[in-house]
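# Got a predicted structure plus its sequence, pasted below:
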Amino acid sequence: MTETLDRPAFTPKDLETDQEVRWCPGCGDYSILKQVQRVIPELGLKREDIVFISGIGCSSRFPYYMETFGMHSIHGRATTIASGLKASRPELSVWIVTGDGDSLSIGGNHFIHLLRRNFDVNVLLFNNQIYGLTKGQYSPTSEQGKLTKSTPLGSLDHPFNPLALCLGADSTFIARTMDRDPKHMQDVLKAAHLHKGTSLVEIYQNCNVFNDGAFFTFSDKETKKQNGLFVEEGNPMVFGEGDALGIRLDGFKPQVVSLSDGFSPDDLWIHDPTDRGKAGILTRLFDDPASERAMPRPFGVFYRESRPTYEDQLQAQINDSLSRSGKGDLNKLLRGRETWVID
Amino acid sequence: MSATLTKAQEVTILFAGDSGDGIQLTGNQFTTTNALFGNDVSTFPNFPAEIRAPQGTLAGVSGFQVHFGSIEIFTPGDMCDTLVVMNAAALKANLGKLKKGGTIIANSDGFDPKNMRLAKYADDAAPLTDGTLAGYRLISVDVTRLTRECLKDSGFGTRETDRTRNMFVLGLILWMYDRDLSATLKFIADKFAKSPAVAEANVKVLNAGYAFGETIEANATRVSVGRANMPAGEYRSIMGNQATALGLVAAAQMSGLPVFYGSYPITPASDILHDLSKYKNHGITTYQAEDEIAAIGAAIGASFGGHLGVTASSGPGIALKGEAIGLALMLEMPLVIVNVQRGGPSTGLPTKTEQADLFQAMFGRNGEAPVAVVAACTPSDCFHMVLEACRIAVEHMMPVFFLSDGYIANSAEPWRFPKAENLPAIKPRFATADDLEDGRYMPYRRNADLARKWAVPGTAGLEHRIGGIEKEDITGNISYDPANHQHMVNTRAARVEKVADHIGRQTTEEGPETGDLLILGWGSTYGAIKAAVRELRGQGHAVSHAHLRYINPMPKNLGELMHGFKHVLIPEMNTGQLSFIIRGKYLIPAIGLNKVMGIPFSKDEIRDKALEILG
């Protein structure tokens, strides 16, 4: 079924389609599209082996703008379609593009099951904490008390903490990045691709029309250092102007300490993305940045573990069945266990 | 004194007892014996929705009806000749199904005060002794005591011993119907190959039941049913769900495509999943999804990848799949949706049969969303029609409904199974780099049947996007253009109509293509209609039987065929869904015969309605 043509390696330009990109001017989606188009040619994939599958929402228009195979499916179900595709065609590079409403609200059930099954796919979760395509209702990640068209007195729902949810569903790779930090996003996307298993990347994405500035505190020059915590494997967790602050663990309790106050980097929490317990603590650094004594919000790869993928296990069962019973004989199957002859 | 042996053309027996009494096994084993002997047979199991309903109660009664004969058998039988009851509740629940003068074999131990109370008999009732069954031939046997007697030296406890009681009953019934024990002895040897002591105990009790027949004197008439005159060939027994699973395996082979079966467990469709999960070496992948929507989503994903996606459920699950079926329709992607119908609406009657999901299959989606619909009429026909559904899905690039129901799913009949080399080929049309136009792939370029090609990921140069949003024909680009939407709606409808060019004409099952009355059926009403029409024609009535296996589109000559009759009668286990469609499509005043009781039509119900119309 797969034909191989000798074609030169492709460039980011080759991943652009002839379709007009129809996101609102200034939308954070543009940056994500650009970083994805920049990273993918560096991954050593054949373009025809790449598939983007999306659900419904602003983010889900993404496949139309990628010159790869793509499907823009139905609300919340991209994860199910990607699962069936990966189960039957494990050699393909499958990317799911979804939003906070698509994955965590209408598609919540499929989302957690995708993670526990651990198909080797990449999930790009565009989180803008609002419903954009339906014009501005609150989403499952909106902060409580959100004033929107559907909640003039403020929303009542307690929001999801997406990465804590993913870790709870036994995700094997979770990371957070944001639209306004292209370099960071590129690094995270590469790490996601390299992980064998479901790679979940939460991308903070600005909706400049309905929820403008939701994450600026993590990207603006004046506040970024104070409110963002950029974790890297093997490095101590430092943040703040001049990396003057750090996080140390007092048992399971993270504490902000000042490096000019008697603490050295050796006292700090060293990031180990293979430590599940500590990853749990990291996902819980989820304070409202505006609140007093808020802990900084982490970005980067929180956690990764190696666990067999669904499709590899499935293939092993098929191979085992073939080696034990041989290729099925239809005539034998049709005869069944007992027959009789009428003359 | 030994009983007399009489001959009969056909016999119907109903086995009834608690879910845990081994009724289904007894019935199946008796059926196998008769089939191997050369009878035509038809069976109908009837069980409660609860896995272990309260013992001894009316709600817990499980039944297995078998109709066998030396003549052609089309149904599991209307009224039974012999009723085998393991307890009082089984008698109370089923006495109405026994012919006047029929035989009752009753396990007298199941009529003790506790069982009588559970069956809600009056305090002073004693049906086995008070003469209320005087109109029947009653054979009261203390099966429990005799079984325990038989195994008293075996070292088995009471519990294990009582578990073999069904073998006593089976032995007795095999004696009554003049069958030998060889098939059952072989079955016991196979089933208990790993526990010889259990096998020996079962054989002992089986023999005891058979020998017991000799002692019950002339009260029981032994009945012998000769071999049926069936077409020569090799046969096996088949149930509808088994046949559906085999049909999907055949589709994999005949198309050269791996089949991906995405499903979520639901009665009465789950057995298809169970069967298919064993066929991994036949190119079948089964995927138990987290819910009905994920099941169809995964099947669509597999189809996108170039495998044949299949999903199956019953009515409530199909309701959940509606949006995704619409997506497959817009994608113009092969997909087979199996609906093993059960009583509805909502949870309805999970273990009972109904044909009330026809409208759901035809219309149960948003927008103008026509899909092809085919339906099986007998257990073995499930094989052929699900294979047809796969052929249409692949060759026409569209979602196709395959309708079965709880009745044929669990009923069994002899099947002169086909040879793989005689099955029809299924020809997928995959796009290649040769299909590029000026370097670009046009995903919605169509052939004469308006089918597009299957362009699967991994094929260089064919990168393209598809989705549920309305698209421009040929290019597949998103389009909100008014004229294009009209064109695409018309095209999707025309695509379904084009299927009619490849399905042959509608013929009659019985009788010529003109006459006074055409009885038009679909699905599992086949046997009852056929039997009724045989009888009516035997009495000289100008009645014919046609059975629709293709419901959307219908065969092109169907209107013409119906116009050849003065009246058209449509029996359905719903309130008139096919009638509604036929009247709307052909403006023919079709008469409905409708029943929604969770049980199939009897031959008599159809015959009587036909006689009423014929005047």
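Arrived safely. Model, not experiment: these values are computed from the prediction.
# can you map out the helices along chain A?
Remark: helices assigned in chain A by DSSP state H are A:29-39, A:78-88, A:100-101, A:108-117, A:162-168, A:182-194, A:221-227, A:276-283, A:310-325, A:330-335.
# Put together CSV for those, with mean pLDDT, mean neighbour count and distance to chain B on each row.
Backbone N, C-alpha and C define where each C-beta goes, glycine included. Below are these laid out as CSV (pLDDT from 0 to 100; neighbours: other Cβ atoms under 10 Å in any protein chain shown; distance: least, Cβ to the nearest Cβ, whole Å):
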stretch, mean pLDDT, mean neighbour count, distance to chain B
helix A:29-39, 98, 20, 14
helix A:78-88, 98, 31, 3
helix A:100-101, 98, 30, 16
helix A:108-117, 98, 22, 4
helix A:162-168, 98, 21, 16
helix A:182-194, 98, 19, 17
helix A:221-227, 95, 15, 36
helix A:276-283, 98, 18, 23
helix A:310-325, 97, 14, 4
helix A:330-335, 98, 16, 4
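# need these in JSON lines with distance to B:Met573, can you?
As requested, those are exported to JSON lines (distance: least, Cβ to Cβ, whole Å):
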{"stretch": "helix A:29-39", "distance to B:Met573": "52"}
{"stretch": "helix A:78-88", "distance to B:Met573": "33"}
{"stretch": "helix A:100-101", "distance to B:Met573": "42"}
{"stretch": "helix A:108-117", "distance to B:Met573": "33"}
{"stretch": "helix A:162-168", "distance to B:Met573": "45"}
{"stretch": "helix A:182-194", "distance to B:Met573": "53"}
{"stretch": "helix A:221-227", "distance to B:Met573": "65"}
{"stretch": "helix A:276-283", "distance to B:Met573": "54"}
{"stretch": "helix A:310-325", "distance to B:Met573": "39"}
{"stretch": "helix A:330-335", "distance to B:Met573": "30"}
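# contacting residues around the residue of the stretch 201-343 of chain A at minimum distance from chain B?
Minimum separation of the stretch 201-343 of chain A from chain B (Cβ to the nearest Cβ) falls at A:Gly328, amounting to 3.3 Å. Contacts for A:Gly328 were tallied using Cβ atoms under 8 Å, 6 or more residues apart in numbering or on different chains; they are B:Val249, B:Tyr279, B:Asn281, B:His282, B:Gly283.
# Please tell me how far the residue nearest the centre of chain B sits from A:Asp187.
Nearest residue to the geometric centre of chain B (Cα atoms, centre = their mean): B:Ile408, 1.6 Å. When distance is defined by Cβ to Cβ, to the nearest Å, B:Ile408 is 59 Å away from A:Asp187.
# swap in B:Glu395?
48 Å.
# Kindly list the longest helix within chain B.
helix B:196-215.
# and the residue of the stretch 151-300 of chain A found nearest chain B, what is it in contact with?
For the stretch 151-300 of chain A, the residue closest to chain B is A:Ala169, as judged by Cβ to the nearest Cβ, at 11.5 Å. Contact analysis of A:Ala169 by Cβ under 8 Å, 6+ apart lists A:Phe111, A:Ile112, A:His113, A:Leu115, A:Arg116.
# thought the second one was touching A:Leu165?
Yes: counting by Cβ atoms under 8 Å, A:Leu165 is a contact partner of A:Ile112 at 7.4 Å.
# Quick check: the gap between the closest residue to A:Ile40 other than its chain neighbours and A:Glu48.
Nearest non-adjacent residue to A:Ile40, counting by Cβ to Cβ, 6 or more residues apart in numbering or on different chains: A:Leu15, 6.2 Å away. Using Cβ to Cβ, A:Leu15 is found at 12 Å from A:Glu48.
# Give the residues shared as contacts by these two.
Contact with both A:Leu15 and A:Glu48 is made by residues A:Thr68, according to Cβ under 8 Å, 6+ apart.
# count of residues packed around residue 246?
In the absence of a named chain, chain A is used. 22 (other Cβ atoms under 10 Å in any protein chain shown).
# You answered for a different chain; I wanted chain B.
28.
# I'd like the distance between A:Val301 and B:Gly213.
77 Å.
# so where is the chain shaky, pLDDT-wise?
Since you didn't name a chain, this refers to chain A. Counting by pLDDT under 70, chain A shows low-confidence ranges at A:1-8.
# was after chain B, sorry
B:1-3, B:217-220.
# Break it into its domains for me.
Domain assignment of chain B by automatic domain parsing yields the ranges B:5-225, B:237-422, B:429-503, B:508-614.
# for those domains, which one sits closest to A:Ile247?
domain B:237-422 (36.9 Å; Cβ to Cβ).
# how long is that closest one from one end to the other?
Chord length of domain B:237-422, first to last residue, is 20 Å (Cα to Cα, to the nearest Å).
# the strands in the stretch 101-250 of chain A, which residues?
A:122-127, A:173-178, A:199-204, A:228-230, A:238-239, A:245-250 (DSSP state E, counting those that start in this stretch).
# can you pull out the strands in the stretch 51-200 of chain B?
B:61-69, B:80-85, B:98-107, B:137-141.
# Where does the stretch 151-300 of chain B get nearest to chain A, which residue?
For the stretch 151-300 of chain B, Cβ to the nearest Cβ, closest residue to chain A: B:Gly297, 2.7 Å.
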